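Enquirer: from the sequence below, what's the structure:
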Amino acid sequence: MVEHPSPTEIAVAFTEAWTGHDMSTAESYLAEEVVYDGPVNHVVGVRGYVEALERFARAVTGLEIIAVLGDEEQAMIMYEVSTGRFGTLTCGEHLTVRSGKIQTDRLAFDTYAIRMAQAGGAASD
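Expert: I've put the predicted structure just below:
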């Protein structure tokens with residue numbers, strides 16, 4: 001039997017990779033048919049997911065992991081990402097993991113700051 005990192009270890013490593021702009025490492029944690037559901041889009045498949053994630057990651061300037069919980073099949077990670085354009089976004093993410101690869105990723109965060117930036121306004125805290 002092949003031993004894989006735990007889902008919580010994968011959640012942390014994946015999040016640190018993409019927020020650190022290391023997309024090849026981030027991609028290595030994803031299953032080929034990963035399903036992503038988030039407040040801005042829905043993507044099926046590793047290529048589309050990495051492309052969407054890379055677009056967002058360009059805005060990320062910092063990461064603070066708040067908490068990580070999980071079991072043998074899933075992880076919940078809560079973190080804050082600092083961005084120049086959108087300010088700080090607090091995110092909650094649920095990942096399911098099988099054979100060391102992320103199968104599903106459900107992300108939740110308040111999109112107010114992003115919507116304001118896209119509309120040309122400024123979000124206030």
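Enquirer: what is the burial count for the residue nearest to Gly38 when sequence neighbours are not counted?
Expert: Leaving aside its chain neighbours, Gly38 sits nearest to Leu107 (4.0 Å; criterion: Cβ to Cβ, 6 or more residues apart in numbering). Glycine gets a C-beta too; all of them are placed from N, C-alpha and C. For Leu107, the count of nearby residues is 17 (other Cβ atoms under 10 Å).
Enquirer: Val35 too?
Expert: 16.
Enquirer: again with His94
Expert: Neighbours of His94 (other Cβ under 10 Å): 17.
Enquirer: so it is in contact with Arg106, correct?
Expert: Yes. The pair His94 and Arg106 qualifies as a contact (Cβ atoms under 8 Å) at a distance of 4.5 Å.
Enquirer: and the residue nearest to Gly38, what does it touch?
Expert: Applying Cβ atoms under 8 Å, 6 or more residues apart in numbering to Leu107 gives the contacts 36-39, 91-93.
Enquirer: sec struct for it, please.
Expert: Following DSSP: H, G, I helix; E, B strand; the rest coil, we place Leu107 in the strand state.
Enquirer: so what sits opposite it in the bridge?
Expert: Glu93 (DSSP bridges).
Enquirer: in stretch 4-12, what's buried?
Expert: Of all the residues in stretch 4-12, those buried under the rule 16 or more other Cβ atoms under 10 Å are 6-8, 10-12.
Enquirer: so what pLDDT did the closest residue to Asp37 other than its chain neighbours get?
Expert: In this structure, Asp37 finds its nearest non-sequential neighbour in Arg106, 4.9 Å apart by Cβ to Cβ, 6+ apart. At Arg106 the predicted local distance difference test score is 98.
Enquirer: all good on my end, thank you.
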